[in-house]
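Student: attaching a predicted model along with its sequence, questions to come.
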Amino acid sequence: MTDRPPPEDALRRAASSSDRTAVQPDFRAIVDSLQHAVILTDGDLAVPGPTILYVNPAFTRLTGYAPEEVMGRSPRVLQASTTDRITLRTISSALRRGEGGQWKLINQRRDGTPYWVELRITPLLGPDGRVEQFVAFQRPTQPDIEWVDTAGAEASRDMLTGLPNRRALVAEVQRHLARDAAGQLCFAYLGIDGFRQINEAVDRPVGDAVLLAFADVLSGGVRRSDGLGRLGGEEFGICMPGIRLVEARGLAERLCRNVQAQPFATPAGPMPVTCSIGLSMALPGESLGDLLERADAALAAARRQGGNGVVVG
């Protein structure tokens, strides 16, 4: 057996097929002898995809899953409650750009025991240059100290989205209130319109998919200096330092348009989503509680006006 992944061009040639769900004999011949666990999936990243098409014998030895137990399922079956959500979102973003990469994270075996793995994912392109499949190599490894989730880190992160949670975001706003000049700090309170009805009408994975997609849209639309976090439920917040109110409103309105621009992919199919935003600017001598309360009241006003808009409070 060999312990080195084969060259990417060899994988692409071996996996090439007019059928995106097919697993070619040449591909099996290459990866069956590897000591690395190998997973081949299709290229459909819409939830609940991608779908596992093939796993090699080393995968079964590493995870305890027989091939028939995972074929047709998503690689998410390997994720544990302790799997770092920020790393997962980084992987998802890379794959959606058609890129591969290498990461380290915690997975979970069939019997529930966690294990650290070095993960390398390579996109396999079709004749038209589009991603048709992904091949992932997993090698068990030991955690480096910087990869270990400390209790403090876990306490500051939202477990679903990987964003800072309410405690961490509020602490960031408080730091800026203590040092930034009045008129140079704004706070945006965001809520997904009609999310309660979405949750009541569909299964929880659909609601989670909406929350994750919403977090992705927000992450791609804020400034690098902004602090984005999940406040709880369907509500998120953005701490905007060094910005005037008119600029903050323009950014908030752009976020509304970005959310509305394209339906979110969910297990129940594409779902159109809009959001409401309440915006407030810190006043001289204002307390943290007053700033957040004004933004919350503005959010409630935006929802009363029908949603999909921005109200300044």
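Tutor: All right, it came through fine. Residues are numbered from 1 along each chain as shown.

Student: ramachandran angles for the residue nearest to Asp84 when sequence neighbours are not counted?
Tutor: Of all residues not flanking Asp84 in the chain, Leu105 sits nearest, at 5.8 Å (C-beta to C-beta, 6 or more residues apart in numbering). Any C-beta I mention is one placed from the backbone N, CA and C, and that applies to glycine too. Leu105 adopts backbone torsions of phi -160, psi 170, taken as degrees, to the nearest 10.

Student: residues in contact with the residue nearest the centre of the chain?
Tutor: Centroid check for the chain by C-alpha atoms, centre = their mean gives Arg89 as the closest residue, at 3.2 Å. Counting by C-beta atoms under 8 Å, 6 or more residues apart in numbering, Arg89 touches 161-162, 212, 215-216, 219.

Student: with distance to Asp180, secondary structure and pLDDT added, can I get these in TSV?
Tutor: Rendered in TSV, the data for the contacts of Arg89 read as follows (distance: C-beta to C-beta, whole Å; DSSP: H, G, I helix; E, B strand; the rest coil; pLDDT from 0 to 100):
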residue	distance to Asp180	secondary structure	pLDDT
Thr161	26	coil	80
Gly162	26	coil	78
Leu212	31	helix	86
Ala215	25	helix	90
Asp216	28	helix	88
Ser219	23	helix	89
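
Student: how about those in JSON lines, adding neighbour count?
Tutor: Shown next, in JSON lines, are those (neighbours: other C-beta atoms under 10 Å):
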{"residue": "Thr161", "neighbour count": "24"}
{"residue": "Gly162", "neighbour count": "18"}
{"residue": "Leu212", "neighbour count": "21"}
{"residue": "Ala215", "neighbour count": "21"}
{"residue": "Asp216", "neighbour count": "16"}
{"residue": "Ser219", "neighbour count": "15"}
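
Student: please report the distance of Gly126 from Ala248.
Tutor: Applying C-beta to C-beta, to the nearest Å, the value for Gly126 to Ala248 is 44 Å.

Student: again, but for Asp296
Tutor: Asp296 sits 16 Å away from Ala248, going by C-beta to C-beta.

Student: for the residue nearest to the centre of the chain, what are phi and psi?
Tutor: Torsion angles, degrees, to the nearest 10, at Arg89: phi -70, psi -30.

Student: now Pro140
Tutor: For Pro140, the backbone dihedrals (degrees, to the nearest 10) come out as phi -60, psi 140.

Student: list the contacts of it.
Tutor: So Pro140 contacts 62, 115-118 (C-beta under 8 Å, 6+ apart).

Student: which of these fall within strands?
Tutor: Counted as lying in strands by DSSP state E, out of these, are 115-118.

Student: give me the buried entries from those.
Tutor: 116-117 (16 or more other C-beta atoms under 10 Å).

Student: out of the ones in strands among the contacts of Pro140, which comes closest to Val273?
Tutor: Val117 (33.3 Å; C-beta to C-beta).

Student: the closest one contacts Arg139, doesn't it?
Tutor: Yes - in this structure, Val117 is within contact of Arg139 by C-beta atoms under 8 Å, at 6.6 Å.

Student: strands along the stretch 201-313 of the chain, start to end?
Tutor: Counting by DSSP state E, counting those that start in this stretch, the segments of the stretch 201-313 of the chain that form strands are 227-232, 235-241, 275-281, 310-312.

Student: which residues are contacting the third one?
Tutor: Spelled out, it's strand 275-281. Contacts with strand 275-281, where a contact means C-beta under 8 Å, 6+ apart, come from 183, 185-193, 214, 245, 248-249, 252, 255-256, 259, 291-292, 294-303, 307-313.

Student: what does the shortest one give?
Tutor: Outside of strand 310-312, the residues within contact range by C-beta under 8 Å, 6+ apart are 245, 249, 252-253, 256, 276-281, 298-299, 301-302, 305.

Student: which two among those are spaced furthest apart?
Tutor: Pairwise distances across those (C-beta to C-beta) peak at 19.9 Å, for the pair Met281 and Gln305.

Student: now the buried members of the contacts of strand 310-312.
Tutor: Buried, going by 16+ other C-beta under 10 Å: 245, 249, 252, 256, 276-281, 298-299, 302, out of these.

Student: now the residues you listed in TSV, with distance to Ser74?
Tutor: Formatted as TSV, those follow (distance: C-beta to C-beta, whole Å):
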residue	distance to Ser74
Leu245	44
Arg249	40
Ala252	34
Cys256	31
Ser276	32
Ile277	33
Gly278	36
Leu279	38
Ser280	40
Met281	43
Ala298	39
Leu299	34
Ala302	36
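
Student: now flag whichever of the residues you listed is closest to Asp226.
Tutor: Of all the buried ones among the contacts of strand 310-312, Ala252 has the smallest distance to Asp226: 11.1 Å, by C-beta to C-beta.

Student: quick one: that closest one and Tyr189 touch, right?
Tutor: No - Ala252 is not in contact with Tyr189 according to C-beta under 8 Å; the separation is 9.9 Å.

Student: show me where the chain has its helices.
Tutor: Secondary structure of the chain (DSSP state H): helices located at 8-15, 25-31, 57-63, 67-70, 85-96, 151-155, 166-179, 195-201, 204-221, 245-261, 288-304.
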